[in-house]
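J.: with the sequence up front, the predicted model follows.
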Amino acid sequence: MAEMNFGGVVEQVATRNEFPLEKAREVLKNETIAVIGYGVQGPGQALNLRDNGFNVIIGQRKGGKTWEKAIADGWVPGETLLEIEEAAEKGTIIQYLLSDAAQIEVWPRIKPYLTAGKALYFSHGFGITYKERTGIIPPADIDVILVAPKGSGTSLRRMFLEGRGLNSSYAIFQDATGRAKERVIALGIGVGSGYLFETDFKREVYSDLTGERGTLMGAIQGILQAQYEVLRENGHSPSEAFNETVEELTQSLMPLFAENGMDWMYANCSTTAQRGALDWMGPFHDATKPVFEKLYKEVACGNEAQRSIDTNSKPDYREKLEEELKALRESEMWRAGAVVRKLRPENN
Ligand SMILES: NC(=O)C1=CN([C@@H]2O[C@H](COP(=O)(O)OP(=O)(O)OC[C@H]3O[C@@H](n4cnc5c(N)ncnc54)[C@H](O)[C@@H]3O)[C@@H](O)[C@H]2O)C=CC1
Ligand SMILES: CC(=O)[C@](C)(O)C(=O)O
Ligand SMILES: [Mg+2]
Ligand SMILES: [Mg+2]
């Protein structure tokens, strides 16, 4: 563990320096890692583990698109690609990477295979933290651990292939074997994490649900849409509104503050822009903070989890989601965006 000072607060971080890949392989050399679910995190984590030399099998319901995708990725039916129950039986570590709603439904079929000494691994604190709602209550004689990559499974795989790592949180809910810590860090390194930040299941899920509903996904669309609409209502063309709202942000300014912080991005803009940004960040902060406060409360009381469980357990949830994504895709802002994206040199 390395001690690192984050803006004045000292935290413990696991790194590949004290826990290199060879050590992770040694720790897990007698384990069979069963990755249950092959949606977004499943492929990212399973392929990285396999390329890193671990013993991995996939548990996925037969038929359908994801089963075919697993075959295309080189998993062999009957050998490394199995039905969910069969994989859970063979695995000594069960990586439970079904969607959070599906984890609830499949739980009774997984539980019988969680025999003494095995490890149950999550990439989200959801199932355990909201156990009154999910019914996911693991037996006492297994390890229950978490590695939550802080990004999409798609990025986890891409960054691994680029020789980089995505940062992850890790947590231990239950240590029955005395090996939970070395198991969780070894798995975190194995799935392609760059650095591993210690947390617990509750803090992971509260921060994750807040982040994705907030600045990472919900708030960003809301605020971009609001500015786009105001520009359009005042006679600006779609291309002008899109360029000034989204394209410049993602192509020019976001990479600058990703690289070196907000002050540095500001310093690379005009003094006119800096004056305006410094004056207007306060009003935007004050207008949105109450929304974030309300959001956090909804997460902490379980309402957000319940909404997600209720909607995502419906048989037609995929079709309904697709309709809502289609509405976003077909909004004027994102239709304008599709045309603007085509103009990038890599796309024409
Ligand atoms: N999507 C992501 O990149 C991230 C996901 N997570 C967490 O990782 C876990 C997995 O999430 P995703 O990869 O997004 O899952 P997903 O929504 O892509 O679904 C994963 C798998 O669940 C299977 N599935 C769905 N319903 C089923 C059912 N009723 N019976 C059997 N199988 C079923 C699907 O076939 C698919 O293979 C979740 O806990 C999620 O919160 C954490 C970080 C990022
Ligand atoms: C990609 C990620 O970490 C999210 C946004 O929390 C999720 O997909 O649940
Ligand atoms: Mg997340
Ligand atoms: Mg999430």
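T.: Sure thing, it's come through. Numbers count the residues shown, from 1 in each chain. Ligands and ions are numbered 1, 2, ... in the order given.

J.: next, the buried residues of the longest strand along the chain.
T.: Identified as the longest strand of the chain according to DSSP state E is strand 166-174. Buried residues in strand 166-174, counted by 16 or more other C-beta atoms under 10 Å: 166, 168-174. No exception for glycine: its C-beta is placed from N, CA and C like everyone else's.

J.: helix or strand right after that strand?
T.: Note on strand 166-174: by DSSP states H and E, the next helix or strand toward the C-terminus is helix 180-190.

J.: what sits against residue 320?
T.: By C-beta atoms under 8 Å, 6 or more residues apart in numbering, residue 320 lies in contact with 311, 314.

J.: is the helix or strand hosting it positioned near ligand 1?
T.: Under the criterion of DSSP H and E, residue 320 resides in helix 317-329. No. Helix 317-329 stays out of contact with ligand 1 when judged by C-beta under 6 Å from any ligand atom, the minimum separation being 8.8 Å.

J.: which element follows that helix toward the C-terminus?
T.: Beyond helix 317-329 in the direction of the C-terminus, DSSP H and E gives the next helix or strand as helix 332-342.

J.: got the buried residues of strand 166-174 as CSV, with pLDDT columns?
T.: Output for those, formatted as CSV (pLDDT from 0 to 100):
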residue, pLDDT
166, 96
168, 98
169, 98
170, 98
171, 98
172, 98
173, 98
174, 98
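
J.: which pair of those spans the longest distance?
T.: Farthest-apart pair in those is 166 and 174; separation 25.5 Å (C-beta to C-beta).

J.: residue 153 against residue 35, yeah?
T.: No. Using C-beta atoms under 8 Å, residue 153 makes no contact with residue 35, being 11.0 Å away.

J.: more neighbours, the two?
T.: Counted by other C-beta atoms under 10 Å, residue 153 and residue 35 do not tie: residue 35 has more neighbours, with 31 against 23.

J.: quick one on the thing from earlier: what do residue 153 and residue 35 both touch?
T.: Counting by C-beta under 8 Å, 6+ apart, the residues touching both residue 153 and residue 35 are 42, 45.

J.: related to what we said a few turns ago, does ligand 4 sit close to the longest strand of the chain?
T.: No. With C-beta under 5 Å from the ion as the criterion, ligand 4 is not reached by strand 166-174; the gap is at least 11.1 Å.

J.: what packs against that strand?
T.: Contacts defined by 3 or more C-beta pairs under 8 Å, 6 or more residues apart in numbering; DSSP states H and E place strand 166-174 against strand 143-149, helix 153-161, helix 180-190, strand 193-198, helix 201-213.

J.: could you pull out the helices for the stretch 201-348 of the chain?
T.: Secondary structure of the stretch 201-348 of the chain (DSSP state H, counting those that start in this stretch): helices at 201-213, 218-233, 238-242, 248, 254-260, 262-267, 271-300, 303-312, 317-329, 332-342.
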